[in-house]
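A.B. asks: can you look at this prediction? I've put the sequence above it.
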Amino acid sequence: MDYRYIFLLLITAAFSVWASIKVNSTFKKYSSFRPRSGMTGAEAARRVLDANGLYNVRIEHIAGNLTDHFDPRSNVIRLSDNVYGVSSAAAIGVAAHEAGHAVQYAKGYAPLHIRNAIIPITNIGSRMAMPLILLGIILSGMGTQFIYVAYIGVACFAFSTVFQLLTLPTEFNASRRALVSIEQTGLLYGDELAAAKKVLSAAAMTYVAALAVSLVQLFRLLAIVGMGRRD
(Lines give C-alpha, C1' and ligand atoms only; values in the text may rest on other atoms or scores of the structure.)
Protein backbone atom coordinates (compact mmCIF):
# COMPACT_ATOMS: atom_id res chain seq x y z
CA MET A 1 0.00 0.00 0.00
CA ASP A 2 1.42 3.38 -1.07
CA TYR A 3 0.70 5.77 1.77
CA ARG A 4 2.09 8.72 -0.19
CA TYR A 5 -0.54 8.16 -2.87
CA ILE A 6 -3.28 7.82 -0.25
CA PHE A 7 -2.13 11.06 1.36
CA LEU A 8 -2.13 12.93 -1.95
CA LEU A 9 -5.48 11.44 -2.90
CA LEU A 10 -7.02 12.50 0.41
CA ILE A 11 -5.61 16.01 0.01
CA THR A 12 -6.94 16.41 -3.53
CA ALA A 13 -10.29 14.84 -2.59
CA ALA A 14 -10.61 17.26 0.33
CA PHE A 15 -9.72 20.13 -2.00
CA SER A 16 -12.41 19.00 -4.45
CA VAL A 17 -15.04 18.81 -1.72
CA TRP A 18 -14.01 22.23 -0.40
CA ALA A 19 -14.16 23.74 -3.90
CA SER A 20 -17.62 22.30 -4.50
CA ILE A 21 -18.94 23.59 -1.16
CA LYS A 22 -17.26 26.96 -1.77
CA VAL A 23 -18.83 27.55 -5.18
CA ASN A 24 -22.30 26.56 -3.97
CA SER A 25 -22.12 28.67 -0.80
CA THR A 26 -20.68 31.68 -2.65
CA PHE A 27 -23.32 31.46 -5.36
CA LYS A 28 -26.06 31.16 -2.75
CA LYS A 29 -24.69 34.13 -0.80
CA TYR A 30 -24.64 36.47 -3.78
CA SER A 31 -27.89 35.18 -5.26
CA SER A 32 -29.61 37.58 -2.86
CA PHE A 33 -27.42 40.48 -4.02
CA ARG A 34 -29.82 42.40 -6.29
CA PRO A 35 -28.15 44.54 -8.97
CA ARG A 36 -29.21 48.12 -9.63
CA SER A 37 -29.67 47.30 -13.31
CA GLY A 38 -32.44 44.83 -12.43
CA MET A 39 -31.35 42.53 -15.25
CA THR A 40 -31.81 38.76 -15.14
CA GLY A 41 -29.13 36.27 -16.08
CA ALA A 42 -30.71 35.69 -19.49
CA GLU A 43 -30.88 39.41 -20.20
CA ALA A 44 -27.27 39.88 -19.10
CA ALA A 45 -26.07 37.07 -21.37
CA ARG A 46 -27.99 38.60 -24.27
CA ARG A 47 -26.38 41.99 -23.70
CA VAL A 48 -22.86 40.51 -23.59
CA LEU A 49 -23.52 38.50 -26.75
CA ASP A 50 -24.95 41.48 -28.62
CA ALA A 51 -22.05 43.68 -27.51
CA ASN A 52 -19.75 41.18 -29.24
CA GLY A 53 -21.90 40.89 -32.36
CA LEU A 54 -23.13 37.37 -31.56
CA TYR A 55 -26.78 37.96 -32.39
CA ASN A 56 -27.19 34.39 -33.69
CA VAL A 57 -26.41 32.71 -30.34
CA ARG A 58 -29.63 31.65 -28.63
CA ILE A 59 -30.28 31.53 -24.88
CA GLU A 60 -32.39 28.78 -23.38
CA HIS A 61 -33.49 27.66 -19.94
CA ILE A 62 -32.30 24.33 -18.56
CA ALA A 63 -33.39 22.64 -15.35
CA GLY A 64 -31.01 22.09 -12.46
CA ASN A 65 -28.65 23.95 -10.18
CA LEU A 66 -25.52 25.46 -11.81
CA THR A 67 -26.01 23.35 -14.93
CA ASP A 68 -25.21 26.39 -17.06
CA HIS A 69 -23.16 25.80 -20.20
CA PHE A 70 -22.50 26.91 -23.76
CA ASP A 71 -23.18 24.29 -26.44
CA PRO A 72 -21.07 25.13 -29.53
CA ARG A 73 -22.76 22.43 -31.61
CA SER A 74 -26.16 24.07 -31.26
CA ASN A 75 -24.78 27.58 -30.75
CA VAL A 76 -26.89 27.87 -27.60
CA ILE A 77 -26.27 29.10 -24.07
CA ARG A 78 -28.31 27.16 -21.54
CA LEU A 79 -28.91 28.80 -18.17
CA SER A 80 -30.13 27.02 -15.05
CA ASP A 81 -33.07 27.71 -12.74
CA ASN A 82 -31.11 30.05 -10.45
CA VAL A 83 -29.62 32.03 -13.33
CA TYR A 84 -31.96 32.28 -16.32
CA GLY A 85 -34.77 34.43 -14.92
CA VAL A 86 -33.08 35.61 -11.73
CA SER A 87 -31.81 39.13 -11.11
CA SER A 88 -28.72 38.85 -8.91
CA ALA A 89 -25.02 39.56 -9.04
CA ALA A 90 -24.36 35.81 -8.96
CA ALA A 91 -26.74 35.06 -11.83
CA ILE A 92 -25.32 37.83 -14.00
CA GLY A 93 -21.76 36.66 -13.31
CA VAL A 94 -22.50 33.07 -14.31
CA ALA A 95 -24.54 34.10 -17.37
CA ALA A 96 -21.82 36.47 -18.58
CA HIS A 97 -19.25 33.69 -18.07
CA GLU A 98 -21.17 31.38 -20.41
CA ALA A 99 -21.48 34.24 -22.90
CA GLY A 100 -17.70 34.52 -22.59
CA HIS A 101 -17.41 30.93 -23.84
CA ALA A 102 -19.55 31.82 -26.84
CA VAL A 103 -17.25 34.75 -27.59
CA GLN A 104 -14.23 32.45 -27.29
CA TYR A 105 -15.74 30.04 -29.78
CA ALA A 106 -16.64 32.79 -32.25
CA LYS A 107 -13.17 34.35 -32.06
CA GLY A 108 -11.30 31.06 -32.38
CA TYR A 109 -9.81 30.92 -28.89
CA ALA A 110 -7.26 28.11 -29.28
CA PRO A 111 -7.50 26.27 -25.90
CA LEU A 112 -11.29 26.00 -26.25
CA HIS A 113 -11.10 24.62 -29.79
CA ILE A 114 -8.34 22.16 -28.89
CA ARG A 115 -10.30 21.00 -25.83
CA ASN A 116 -13.44 20.49 -27.91
CA ALA A 117 -11.46 18.62 -30.57
CA ILE A 118 -10.05 16.05 -28.14
CA ILE A 119 -13.36 15.29 -26.40
CA PRO A 120 -14.04 12.16 -28.54
CA ILE A 121 -10.49 10.90 -27.95
CA THR A 122 -10.79 11.67 -24.24
CA ASN A 123 -14.06 9.74 -23.97
CA ILE A 124 -12.60 6.70 -25.75
CA GLY A 125 -9.36 6.90 -23.79
CA SER A 126 -11.10 7.03 -20.41
CA ARG A 127 -12.93 3.79 -21.23
CA MET A 128 -9.87 1.99 -22.59
CA ALA A 129 -7.26 3.13 -20.06
CA MET A 130 -7.78 0.67 -17.20
CA PRO A 131 -8.43 -2.44 -19.36
CA LEU A 132 -5.22 -1.76 -21.31
CA ILE A 133 -3.20 -1.14 -18.15
CA LEU A 134 -4.42 -4.36 -16.53
CA LEU A 135 -3.95 -6.35 -19.73
CA GLY A 136 -0.42 -5.02 -20.21
CA ILE A 137 0.62 -5.83 -16.65
CA ILE A 138 -0.84 -9.35 -16.86
CA LEU A 139 0.73 -10.09 -20.26
CA SER A 140 4.11 -8.70 -19.18
CA GLY A 141 4.63 -12.02 -17.41
CA MET A 142 4.85 -13.57 -20.87
CA GLY A 143 7.28 -10.99 -22.15
CA THR A 144 8.50 -7.57 -21.07
CA GLN A 145 7.46 -6.06 -24.38
CA PHE A 146 3.79 -6.38 -23.37
CA ILE A 147 4.26 -3.74 -20.66
CA TYR A 148 4.00 -1.18 -23.44
CA VAL A 149 0.33 -2.12 -23.74
CA ALA A 150 -0.02 -0.80 -20.18
CA TYR A 151 1.82 2.38 -21.13
CA ILE A 152 -0.63 2.86 -23.99
CA GLY A 153 -3.38 2.63 -21.36
CA VAL A 154 -1.66 5.32 -19.30
CA ALA A 155 -1.42 7.48 -22.44
CA CYS A 156 -5.16 7.00 -22.96
CA PHE A 157 -5.82 8.21 -19.42
CA ALA A 158 -3.47 11.15 -19.98
CA PHE A 159 -5.91 12.61 -22.51
CA SER A 160 -8.32 13.32 -19.65
CA THR A 161 -5.53 15.13 -17.81
CA VAL A 162 -4.74 17.16 -20.93
CA PHE A 163 -8.46 17.97 -21.17
CA GLN A 164 -8.48 19.23 -17.58
CA LEU A 165 -5.29 21.20 -18.24
CA LEU A 166 -6.85 22.94 -21.26
CA THR A 167 -9.97 23.64 -19.22
CA LEU A 168 -8.08 25.97 -16.86
CA PRO A 169 -7.11 28.71 -19.35
CA THR A 170 -10.50 28.31 -21.05
CA GLU A 171 -12.44 28.92 -17.83
CA PHE A 172 -10.19 31.69 -16.53
CA ASN A 173 -10.32 33.48 -19.88
CA ALA A 174 -14.12 33.19 -20.06
CA SER A 175 -14.38 34.74 -16.59
CA ARG A 176 -12.02 37.55 -17.57
CA ARG A 177 -14.09 38.26 -20.68
CA ALA A 178 -17.25 38.15 -18.58
CA LEU A 179 -16.01 40.67 -16.02
CA VAL A 180 -14.76 43.05 -18.72
CA SER A 181 -18.09 42.84 -20.55
CA ILE A 182 -20.07 43.29 -17.33
CA GLU A 183 -18.16 46.46 -16.57
CA GLN A 184 -18.24 47.85 -20.12
CA THR A 185 -21.97 47.24 -20.60
CA GLY A 186 -22.93 48.54 -17.16
CA LEU A 187 -24.52 45.32 -15.96
CA LEU A 188 -22.98 45.61 -12.49
CA TYR A 189 -21.32 48.38 -10.53
CA GLY A 190 -18.80 48.53 -7.68
CA ASP A 191 -19.65 46.00 -5.00
CA GLU A 192 -21.97 44.18 -7.41
CA LEU A 193 -19.06 43.56 -9.77
CA ALA A 194 -16.90 42.43 -6.84
CA ALA A 195 -19.62 39.93 -5.87
CA ALA A 196 -19.74 38.47 -9.40
CA LYS A 197 -15.94 38.17 -9.37
CA LYS A 198 -16.07 36.17 -6.12
CA VAL A 199 -18.62 33.78 -7.63
CA LEU A 200 -16.50 33.21 -10.73
CA SER A 201 -13.30 32.81 -8.67
CA ALA A 202 -14.99 30.16 -6.51
CA ALA A 203 -16.18 28.33 -9.63
CA ALA A 204 -12.65 28.36 -11.07
CA MET A 205 -11.36 26.46 -8.03
CA THR A 206 -13.48 23.45 -8.99
CA TYR A 207 -11.51 23.16 -12.24
CA VAL A 208 -8.20 23.50 -10.40
CA ALA A 209 -9.31 20.69 -8.08
CA ALA A 210 -10.32 18.48 -11.02
CA LEU A 211 -6.88 18.92 -12.59
CA ALA A 212 -5.16 18.11 -9.28
CA VAL A 213 -7.14 14.87 -8.92
CA SER A 214 -6.39 13.89 -12.51
CA LEU A 215 -2.65 14.53 -12.08
CA VAL A 216 -2.47 12.44 -8.90
CA GLN A 217 -4.25 9.57 -10.65
CA LEU A 218 -1.96 9.85 -13.69
CA PHE A 219 1.20 9.73 -11.57
CA ARG A 220 -0.20 6.78 -9.65
CA LEU A 221 -0.90 4.84 -12.85
CA LEU A 222 2.62 5.55 -14.09
CA ALA A 223 4.01 4.26 -10.79
CA ILE A 224 1.90 1.09 -10.99
CA VAL A 225 3.03 0.34 -14.54
CA GLY A 226 6.62 1.12 -13.58
CA MET A 227 6.44 -1.40 -10.73
CA GLY A 228 4.92 -3.96 -13.07
CA ARG A 229 7.77 -3.44 -15.49
CA ARG A 230 10.41 -3.95 -12.79
CA ASP A 231 8.65 -7.07 -11.50
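C.D. replies: Received, thanks.
A.B. asks: and the gap between Leu166 and Ala106?
C.D. replies: Distance check for Leu166 against Ala106: by Cβ to Cβ, to the nearest Å, it reads 18 Å. From N, CA and C alone the C-beta is placed, and that goes for glycine too.
A.B. asks: next up, phi/psi of the residue of the chain most remote from its centre, please.
C.D. replies: Here the chain reaches farthest from its C-alpha mean at Met142, the gap being 41.5 Å by Cα atoms, centre = their mean. Here is the backbone geometry of Met142 (degrees, to the nearest 10): phi -90, psi -10.
A.B. asks: hmm, back to that, more neighbours: which of Leu166 and Ala106?
C.D. replies: Leu166 (20 against 16; other Cβ atoms under 10 Å).
A.B. asks: how about the helices in the chain?
C.D. replies: 3-30, 41-51, 89-106, 110-117, 119-139, 147-185, 191-230 (DSSP state H).
A.B. asks: between helix 147-185 and the longest one, find me the angle.
C.D. replies: For helix 191-230 against helix 147-185, the angle between stretch directions is 170 degrees (axes from the mean of the first three to the mean of the last three Cα atoms, to 10 degrees).
A.B. asks: low-confidence ranges in this protein?
C.D. replies: Low-confidence segments of the chain, defined by pLDDT under 70: 1-2, 228-231.
A.B. asks: picking that back up, the helices of the chain: which one's closest to Ser74?
C.D. replies: Checking those against Ser74 by Cβ to Cβ gives helix 89-106 as the closest, at 11.2 Å.
A.B. asks: out of the helices of the chain, which one sits most buried?
C.D. replies: Among the helices of the chain, ranked by average contacts under mean count of other Cβ atoms under 10 Å, first place goes to helix 89-106 (a mean of 27).
A.B. asks: just want the phi and psi numbers for Gly85.
C.D. replies: Torsion angles, degrees, to the nearest 10, at Gly85: phi -110, psi 20.
A.B. asks: contacts only, for it.
C.D. replies: Taking Cβ atoms under 8 Å, 6 or more residues apart in numbering as the contact definition, Gly85 lies against 40-42, 61.
A.B. asks: over to Ala51?
C.D. replies: Ala51 touches 181, 184-185, counting by Cβ under 8 Å, 6+ apart.
A.B. asks: out of these, which is nearest to Phe27?
C.D. replies: Ser181 (19.3 Å).
A.B. asks: now do stretch 34-44: everything it contacts.
C.D. replies: 47, 59, 61, 79, 83-89, 91-92, 94-96, 99, 182, 186-189, 192.
A.B. asks: could you do stretch 70-77 as well?
C.D. replies: Contact partners of stretch 70-77, identified using Cβ under 8 Å, 6+ apart, comprise 45, 49, 56-60, 68-69, 78, 95, 98-99, 101-102, 105, 116.
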